[in-house]
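A.B. asks: what would the 3D arrangement of this be:
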Amino acid sequence: LHPVGTIGQIVKLLEMPDGSTTAIIQGRKRMVLSDLVSSDPYFMAKVKPMPERKPEPTSKDFDAIVGSLKDLSLKIIKINPNISPEASFAIKNIENNTYLINFICSNTDIKVQDKQKLLEINSIRDRGYALLEYLVQEIQVLELKNELQSKVKSDLDQQQREFLLHQQMKTIQNELGGNPLEKEIEEYRKKAEKKKWTEDVSKTFNKELDKLTRLNPAAAEYSVQVNYIQTLLDLPWGEYTPDNLDLNYARQVLDNDHFGLDDVKERILEHLAVLKLKGDLKSPILCLYGPPGVGKTSLGKSVAKALGRKYVRMSLGGLHDEAEIRGHRKTYIGAMPGRIIQNIKRAGSSNPVFILDEVDKVGQDFRGDPSSALLEVLDPEQNSTFFDNFLEMEYDLSKVLFIATANTLSTISAALRDRMETIEITGYLVEEKLEIAQRHLLPKQLENHGVKTKQLIIGNNVMEKIIEKYTRESGVRELDKKLAKIVRVTAKNIASETDYNPTLSEKMLGEILGPPKYIRDIYAGNDQAGVVTGLAWTAAGGEILFVETSLSKGTGKLTLTGNLGEVMKESAIIALEYLKSNASLLDLPDDFSDKWNIHIHIPEGAIPKDGPSAGITMATSIASAFTQRKVRKYLAMTGEITLRGKVLPVGGIKEKILAAKRASIKEIILSAENKKDVEDIKDIYIRGLKFHYVDTIMEVLDLALLKQKVSNARKITFG
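C.D. replies: Below is the predicted model of the structure:
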């Protein structure tokens, strides 16, 4: 309790709606506490009146104080919007100086502790003088507040008025020479001093940092500005991982991690050798294309390990927005750099191995064409000045080793294809898959599942059965899943302490994986007219296909079935028209097809098929059907046909050869122009095969059709 208080008289009691009572009390005189009588249920005390010590009636000093108090009070009423203007009439109409001083004391916006101090002053003059000091201070605060409000008013619009308090605090800090973000700003500056950036980057950073100090933390663009500055600081400007230039180590790493893929390994070693001799070299832009599961993406990790570089991967599959590559302009809310810059930041190095996965599956729509944005990224002559919209400055990507992966080159734009060094990765032979499974896949699955090497043994014969009867792919992804299933079953047997044979048998294989899912297409014999074996390429590798031609009495109608594309249908029409115009060479009348309807079918009708490579196969099939002559045993063919009878080259030769070997084919007919493709293939792939290179369809027919007729030959009449 304070020792000095006020004696008051209850003027009126008011009953409130909530049941409480409000008292209106009028102050009468000051008093001093002499004795505390009780405190329960409320305080009771003995008090003594405390008389006021009044000044001399003729005191000019006191009159000046009272006059100043009136003037200052009226000024406060004028500049304080929270005080009603009517209060000035009360000040002017109070004639008792003592009452005036006490009235101003009680109604002035000062702390309770300060009001108590004023109450305890005995001298009216001293109380008035002390009050004068408080009024001067309040006027200064009000004037400063109004001045600050006028300064920030121009920066506020209707939506920002709720941030008034933040703006006022900001302006007050500036007036006092302080900064609420000073510690954070200083940390940014210290980080910037350690960066190895150019003068332009340093200049931009300082400008953007100065801009940040002037922004309101509650403003929407504040977070964008902080994000921009942090991005500049996090990027590895001029920071490079030193390359491991040991060629023997690099070769060992690549060979240990991947079986085969010699072309890619040689290209990496060539780059490393030049780097070792020259000391500085722009990184190549490689594009590895081939069927799924052959190790294109995982090869990137091995390359990074061999070179001693960081590794990052970016999937481009289904990408439609150009801003994903170049970034968003930082004027937008939620803006961020493109994924190229984001991945460089994540790598923490300006020369990582950067995998651009599925580059053939980039799309385009109204948001732009990402493949066009990639032109700058993947051009060795331009990517040293790659421009990101968010950074609004150039970034050097010339030391980044970009490796793009694709399943096919046909969907990649010509301009983008031209900027990359393409390396084809073909499917694996059964022998290669066997080696990969035993050396890489099975040990990895055993380690992943906590199974020891001696607890599961898969012999080569059983492994070959898994490859041929449970998978159909050019790569080894499905094979890896099958091995994982076998290892999981083994792990379950070990964990449940079930007796089992650690050496996997064919019988156990059937119990774990079920009945074989695939039966390989194999050569079906040559004792049926009109059936010829062709070779096809798919995204999953090579396949053999059978072209079947059936004849029925009719008017020369040609029917094509088997879910064939337009190009394939045109090939059948061209083949038939060529045979019509050269019927005499096959000892057939010129109108041999007029009395017969021709039906050409290619099995597995649910699978779409297209392309020109079945042209010579269809021609041979039609010729065999009309002549009823046998087709050479264990023979397959692929090639495009023209109306003049020329045989044109086709693609996917290696995959088709692998498919032929799997199907027990021994001889293959190809265009003479495909000879160079066969010569590029390693001996292991073509061992045991005989190739016939032809220029015309008549050469094909001479090689393919035997003089001997099929055993159940029909009598084909033309009369």
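A.B. asks: from Tyr311, how far out is Ile355?
C.D. replies: According to C-beta to C-beta, to the nearest Å, Ile355 and Tyr311 sit 8 Å apart. Bear in mind the C-beta positions are built from the backbone N, C-alpha and C, glycine included.
A.B. asks: packing partners for the longest strand belonging to the chain?
C.D. replies: Counting by DSSP state E, the longest strand found in the chain is strand 21-38. Counting contacts by 3 or more C-beta pairs under 8 Å, 6 or more residues apart in numbering; DSSP states H and E, strand 21-38 packs against strand 4-15, strand 44-49.
A.B. asks: quick check on the closest residue to Leu307 other than its chain neighbours: phi, psi?
C.D. replies: The shortest distance from Leu307 to any residue other than its chain neighbours is 5.4 Å, reached at Asp243 (C-beta to C-beta, 6 or more residues apart in numbering). Per-residue torsions, Asp243: phi -80, psi 140 (degrees, to the nearest 10).
A.B. asks: state the three-state secondary structure for Arg313.
C.D. replies: Following DSSP: H, G, I helix; E, B strand; the rest coil, the label given to Arg313 is strand.
A.B. asks: apart from its neighbours in sequence, what residue is nearest it?
C.D. replies: Using C-beta to C-beta, 6+ apart, the nearest residue to Arg313 is Ile355, at 4.2 Å.
A.B. asks: distance of the one you found relative to Asp321?
C.D. replies: For Ile355, the distance to Asp321 - C-beta to C-beta - is 20 Å.
A.B. asks: among the two, which residue is more densely surrounded?
C.D. replies: For Ile355 and Asp321, the more surrounded residue by other C-beta atoms under 10 Å is Ile355, and the numbers stand at 28 against 18.
A.B. asks: give the other helices and strands that the helix or strand encompassing that one contacts.
C.D. replies: For Ile355, the host element (DSSP states H and E) is strand 353-357. In terms of contacts (3+ C-beta pairs under 8 Å, 6+ apart), strand 353-357 is packed against helix 296-307, strand 311-315, helix 339-347, strand 401-406.
A.B. asks: same question for the helix or strand just after that strand, mean pLDDT?
C.D. replies: Later in the chain than strand 353-357, the nearest helix or strand by DSSP H and E is helix 370-377. For helix 370-377, mean pLDDT rounds to 80.
A.B. asks: follow-up on the earlier one: can you check what angle separates the longest strand of the chain from strand 4-15?
C.D. replies: 140 degrees (axes from the mean of the first three to the mean of the last three C-alpha atoms, to 10 degrees).
A.B. asks: before we move on, the earlier item: number of nearby residues for the residue nearest to Leu307?
C.D. replies: 19.
A.B. asks: could you do the one 5 residues further on as well?
C.D. replies: Other residues within reach of Asn248 by the criterion other C-beta under 10 Å amount to 8.
A.B. asks: the one 3 residues further on now?
C.D. replies: The burial metric for Arg251, expressed as a neighbour count using other C-beta under 10 Å, is 16.
A.B. asks: contacts only, for it.
C.D. replies: Neighbouring residues of Arg251 by C-beta atoms under 8 Å, 6 or more residues apart in numbering: Lys265, Leu269, Ala306.
A.B. asks: can you give me the pLDDT of the last one?
C.D. replies: Just to be clear, that refers to Ala306. For Ala306, pLDDT reads 87.
A.B. asks: the residue nearest to Leu307 contacts Ala273, correct?
C.D. replies: No - judged on C-beta atoms under 8 Å, Asp243 makes no contact with Ala273 at a distance of 11.5 Å.
A.B. asks: for the stretch 251-400 of the chain, what are the low-confidence residue spans?
C.D. replies: For the stretch 251-400 of the chain, the stretches with pLDDT under 70 are 280-281, 364-368.
A.B. asks: what would the helices and strands packed on strand 21-38 look like in CSV with mean neighbour count, distance to Lys661 and mean pLDDT?
C.D. replies: Below are those laid out as CSV (neighbours: other C-beta atoms under 10 Å; distance: least, C-beta to C-beta, whole Å; pLDDT from 0 to 100):
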stretch, mean neighbour count, distance to Lys661, mean pLDDT
strand 4-15, 12, 106, 89
strand 44-49, 12, 114, 88
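A.B. asks: who wins for proximity to Gln528 among those?
C.D. replies: Of all these, it is strand 4-15 that lies closest to Gln528, at 113.0 Å by C-beta to C-beta.
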